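[1] Show me how the following folds:
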Amino acid sequence: MEALPERERVAVVGGGPAGLAAAATLRSRGISALVLDRSDEVGASWKAHYDRLHLHTVRWLSALPGLRIPRQEGKWVPRDGVVRYLKDYARHHDLRIALSTEVTGLRRDDGLWQLATNRGIFRADAVVIATGYNREPVLPPWPGLDGFEGELIHSSDYRNGFAYTNKDVLVVGAGNSGAEIAVDLVESRARNVWLSVRTAPNIQRRDVAGFPTQMIGIVMRKLPVPVVDTLSKNMQRLAIGDLSKYGMPAPERGVYSRVLEDERIPILDVGLIRLLKEGRVTVVPAVERFERRSVILAGGRQLEPDAVIASTGFRRALDDLVGRLGVLNAKGRPIVHGDKTHPAAPDLYFIGFTNPLGGNLRELGIDAKRIARAVAGAAARS
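    Residues are numbered from 1 along each chain as shown. As a prediction, the model looks like this:
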């Protein structure tokens, strides 16, 4: 393994799409950048996702700056297609990537950033944090969980439904992952599939008459929040109808309100609506607690699933890395993003920590260009 240099113009922490995009746009401006990633290969985080995963954003609006996603990957790029693209992207831009290199701490020292890594100390004039929106799985502290005798995994450990054929499975969490896993389980012939819903989600078609919903989101995000909420509600009613008679309660808040307040984008349907109407996925209330073989739901209903798959989200997990710098809010998320920096942390940038209506990959591509422009501007002024 090649030794780390003592100092670099820019250190990019994280080698996922955000980190690669940042490094490529910096390189296009002649700025030296080294990507530091804890994985042992490019695209490792995407490779670890469940088998049937496809992008919920269309191919031509999901490419990173400087390289299109090949047409043969299809309209909705599969997981393995994303992995192939990320590897090609790193090669195409001749990016410098230090794999198996985990950054464990960051501090300011004499006008430079000092990064503590598993391979020693590394210094940089500027740092881009791109460790990912979904870095560490979150499992709620349900009462009785330690004594549960059934199988329980987080959605991050789910690969496919083959192991659950002829089994009863409870999926907890009504986000895109939970919805898609429920569909996958039905298609893999699970006996019963329950979907536990705490907060009723907004659900939209992935496209309408061939027109991607993502494009509508790009346009509508420029409108006032109440207008977007009303328009999206009408779209849901026309394209989907009333799902409450199939067990899925109507959402209390609109699409844009939930994006801004909870950072929760709507479910983009890949088959859940049909399975709800066919009664092949059953919506049940929120999980309250576990009791040996049983799961107790809100209202007292009791289930005895063979397995529970918790699609209960992720945390950014930035506290250990930058928590002492005063750049995170109470929820552990960056106060500044893109080309903005915090007064307490000059030359420190964050990318990929938002979940916008227009699509995460498209947005981080825009932010990567802004960061490169800001870093180049700072260099010109110094």
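
[2] low-scoring pLDDT stretches of the stretch 1-150 of the chain, where are they?
    Low-confidence segments of the stretch 1-150 of the chain (pLDDT under 70): 1-2.

[3] which residues in it form strands?
    7-13, 33-36, 97-98, 103-109, 112-117, 120-129, 136-137 (DSSP state E, counting those that start in this stretch).

[4] Need the winner for burial among those strands.
    Between those, strand 33-36 has the highest mean count of neighbours, a mean of 25, where neighbours are mean count of other CB atoms under 10 Å. C-beta here means a position set from N, CA and C on the backbone, and glycine is covered the same way.

[5] Only alpha carbons, please: show that strand as CSV.
    Only the C-alpha atoms of strand 33-36 are listed here, as CSV (Å, rounded to 0.1, in the frame of the first residue of the first chain):
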residue,chain,number,x,y,z
ALA,A,33,-7.2,16.3,-4.3
LEU,A,34,-6.8,12.9,-2.5
VAL,A,35,-9.9,10.8,-1.7
LEU,A,36,-9.6,8.9,1.6
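
[6] Give the other helices and strands that the longest helix along the chain contacts.
    If you go by DSSP state H, the chain has its longest helix at helix 360-381. If you count contacts as 3 or more CB pairs under 8 Å, 6 or more residues apart in numbering; DSSP states H and E, helix 360-381 packs onto helix 17-28, strand 120-129, strand 348-350.

[7] who's in contact with the last one?
    What that stands for is strand 348-350. Applying CB atoms under 8 Å, 6 or more residues apart in numbering, the contact partners of strand 348-350 are 22, 106, 113, 126-130, 322, 325, 327, 334, 336-339, 341-342, 371, 374-375.

[8] Give me the neighbour count for Asn329.
    Neighbours of Asn329 under the rule other CB atoms under 10 Å: 8.

[9] ok, it - contacts?
    So Asn329 contacts Ile335 (CB under 8 Å, 6+ apart).

[10] just to revisit the earlier point, extract the C-alpha set from the longest helix of the chain and format it as PDB.
    Taking C-alpha atoms only, helix 360-381 is exported to PDB below (Å, rounded to 0.1, in the frame of the first residue of the first chain):
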ATOM      1  CA  ASN A 360     -29.600  13.300  -4.300                       C
ATOM      2  CA  LEU A 361     -27.100  12.400  -7.100                       C
ATOM      3  CA  ARG A 362     -28.200  15.400  -9.200                       C
ATOM      4  CA  GLU A 363     -27.900  17.700  -6.200                       C
ATOM      5  CA  LEU A 364     -24.500  16.600  -5.100                       C
ATOM      6  CA  GLY A 365     -23.200  17.000  -8.600                       C
ATOM      7  CA  ILE A 366     -24.300  20.700  -8.400                       C
ATOM      8  CA  ASP A 367     -22.700  21.100  -5.000                       C
ATOM      9  CA  ALA A 368     -19.400  19.500  -6.200                       C
ATOM     10  CA  LYS A 369     -19.100  22.200  -8.800                       C
ATOM     11  CA  ARG A 370     -19.800  24.900  -6.300                       C
ATOM     12  CA  ILE A 371     -17.200  23.500  -3.900                       C
ATOM     13  CA  ALA A 372     -14.600  23.400  -6.600                       C
ATOM     14  CA  ARG A 373     -15.300  27.000  -7.500                       C
ATOM     15  CA  ALA A 374     -15.100  28.100  -3.900                       C
ATOM     16  CA  VAL A 375     -11.800  26.300  -3.300                       C
ATOM     17  CA  ALA A 376     -10.300  27.700  -6.500                       C
ATOM     18  CA  GLY A 377     -11.500  31.200  -5.400                       C
ATOM     19  CA  ALA A 378     -10.000  30.800  -2.000                       C
ATOM     20  CA  ALA A 379      -6.700  29.800  -3.600                       C
ATOM     21  CA  ALA A 380      -6.700  32.800  -5.900                       C
ATOM     22  CA  ARG A 381      -7.200  35.200  -3.000                       C
END
